[in-house]
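Visitor: Got a predicted model here, sequence first, then my questions.
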There are 2 protein chains.
Amino acid sequence: MAGERVPAATAAATGGAPIAVPDDAKAPRTDRGRRTQQAILDAAAAEFGERGFHEASISGITRRAGVALGSFYTYFDSKDAVFRALVAHMSGQVRDHVAPGIRAAKDGIAAERAGLADFIAFVRQHKEIYRIIDESEFVDPDSFRRHYATTATRIQSRLEAAAARGELRTDVGEIHAWAVMGMNVFLGLRYGVWDEDVPEGAVADTIADMLARGIGAKG
Amino acid sequence: MAGERVPAATAAATGGAPIAVPDDAKAPRTDRGRRTQQAILDAAAAEFGERGFHEASISGITRRAGVALGSFYTYFDSKDAVFRALVAHMSGQVRDHVAPGIRAAKDGIAAERAGLADFIAFVRQHKEIYRIIDESEFVDPDSFRRHYATTATRIQSRLEAAAARGELRTDVGEIHAWAVMGMNVFLGLRYGVWDEDVPEGAVADTIADMLARGIGAKG
């Protein structure tokens, strides 16, 4: 299967889906509105990432975004609502950032290699993502659970699709998906957030080598 | 190397070290004092686990422990201090719970299998451990970092010792250790805290099978 592109059905399962907008975020109807909402979310990432949920304030967010308080309330009802929207947004950002490399990979193992390398690279540029998603466990447990459950399901779909193409062992499933997600989260913490002493490609190569033998069809 | 016990040097690296007592926890000098301190830590686990750090109170802890407020201050200076001591205590509890199975395992892969199965079983009985260690990222970042850095170092030592005995590939190292820790943490979350729908032995068998091929000497 080397050289073959991942089929469209798999691509859809690994990225490209619209970002889930929580019920209490109000969808902008104009491009300008979308830019304002995006500026507020970017500012919220900085505010929550630096100060944590409890110390963060709506006025801190609007000041960073350079928008009026009224603009904030056009799109979000509360600090809780913007936090919830931010977790969904970041979850989608990670997914969208790693999707192209996964789609372009020649097989299932190369897809996991690309996903991990691109994830670590993303984390190095967005270190606040750990603090925000981790804090959702306390601020909004549903968001926390949704992020990891959705991510694990996406990984499982892509492992099973690769197995169906004969690239991975036929018994790959949910347990492997959670294992891959767990590895990626902790390798991102160690080699993305804490220290950048090892190139992300070297980390990904080591893991791809283990996976190729461990769950590869010829492993 | 099948049938050979893990050498004592490895056992020392995987468990049995004394629990690190933070500087601001006052060591009890009598058996009765140790029992009281232990009762306070158990009560703190329940209080922080159920209510979270911010909602938890010292009076909630002493009420659960059935001790007077004065007894609390004999051993801990503050809510922060008892939280910090609790994270170190729980980190040590996990280590001590999984150590015998790891020590008794016939080789490096069997040790990882036993460690994971025993960890999931422990988590099922102590679901509050996730909430408490995860919250340390915000309440006491040094404790959070120490817990994972120490755990990864312990796993790395045991993988390298197994490699030196010819049971694992000679190139195992820090990246593999972080991968194994990440898998275990997320498999514990999914199959220990969230749901108990898969026996812990089945989860551990699946991972041991992947590791045997992935990093085993004959993989």
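Guide: Right, received. Where do you want to start?
Visitor: and A:Arg169, how many neighbours?
Guide: The tally of other residues near A:Arg169 (other C-beta atoms under 10 Å in any protein chain shown) stands at 19. Any C-beta I mention is one placed from the backbone N, CA and C, and that applies to glycine too.
Visitor: Might one say that it is in contact with A:Ala163?
Guide: Yes. Using C-beta atoms under 8 Å, A:Arg169 and A:Ala163 qualify as a contacting pair, with a distance of 6.5 Å.
Visitor: Now the common contact residues for these two.
Guide: Any residue near both A:Arg169 and A:Ala163 by C-beta atoms under 8 Å, 6 or more residues apart in numbering or on different chains counts here, and that gives A:Ala217.
Visitor: Excluding chain neighbours, what is closest to A:Leu86?
Guide: Using C-beta to C-beta, 6 or more residues apart in numbering or on different chains and skipping the chain neighbours, the partner closest in space to A:Leu86 is A:Ala44 (4.9 Å).
Visitor: An error on my part: the question was meant for A:Thr74.
Guide: For A:Thr74, the spatially nearest residue (C-beta to C-beta, 6+ apart) is A:Lys26, at 6.8 Å.
Visitor: ok, that neighbour to chain B distance?
Guide: Using C-beta to the nearest C-beta, to the nearest Å, A:Lys26 is found at 29 Å from chain B.
Visitor: From the structure, what's the count of residues near that residue?
Guide: Other residues within reach of A:Lys26 by the criterion other C-beta under 10 Å amount to 16.
Visitor: And the pLDDT for it?
Guide: According to the prediction, A:Lys26 has pLDDT 80.
Visitor: who's in contact with it?
Guide: The contact partners of A:Lys26, taken as C-beta under 8 Å, 6+ apart, are A:Thr74, A:Tyr75, A:Phe76.
Visitor: repeat for A:Glu47
Guide: The contact partners of A:Glu47, by C-beta under 8 Å, 6+ apart, come to A:Ala56, A:Ser57, A:Gly60, A:Ile61, A:Arg64.
Visitor: quick one: which helix or strand includes the last one?
Guide: What it means is A:Arg64. In this structure, A:Arg64 sits in helix A:58-65 according to DSSP states H and E.
Visitor: pLDDT averaged over the host helix or strand of the residue nearest to A:Leu86 - what is it?
Guide: Under DSSP H and E, the secondary-structure element containing A:Ala44 is helix A:31-55. Per-residue pLDDT values over helix A:31-55 give a mean of 94.
Visitor: buried stuff in that helix?
Guide: Going by neighbour count (16 or more other C-beta atoms under 10 Å in any protein chain shown), the buried part of helix A:31-55 is A:36-37, A:39-41, A:43-45, A:47-49, A:52-53.
Visitor: tell me which helix or strand of chain A sits lowest on mean pLDDT?
Guide: Taking mean pLDDT, DSSP states H and E as the measure, helix A:8-14 is the helix or strand of chain A with the lowest mean score, a mean of 36.
Visitor: quick one, what contacts the residue nearest to the spatial centre of chain A?
Guide: Ranked by distance to the mean C-alpha position of chain A (C-alpha atoms, centre = their mean), the top residue is A:Val94 at 2.8 Å. The neighbours of A:Val94, taking C-beta under 8 Å, 6+ apart as the test, are A:Phe119, A:Phe122, A:Ile129.
Visitor: check which helix or strand covers the nearest residue to the last one once chain neighbours are set aside.
Guide: It refers to A:Ile129. Leaving aside its sequence neighbours, A:Ile129 sits nearest to A:Met90 (C-beta to C-beta, 6+ apart; 5.3 Å). Secondary structure assigned from DSSP H and E places A:Met90 in helix A:79-104.
Visitor: does chain B sit close to the helix or strand just after that helix?
Guide: Heading C-terminal from helix A:79-104, the first helix or strand you meet, by DSSP H and E, is helix A:108-125. No. Using C-beta under 8 Å from any C-beta of the partner chain, no contact is recorded between helix A:108-125 and chain B, whose separation bottoms out at 9.8 Å.
Visitor: give the contact list for the residue nearest to A:Leu86.
Guide: Counting by C-beta under 8 Å, 6+ apart, A:Ala44 makes contact with A:Ala56, A:Ile61, A:Val82, A:Phe83, A:Ala85, A:Leu86.
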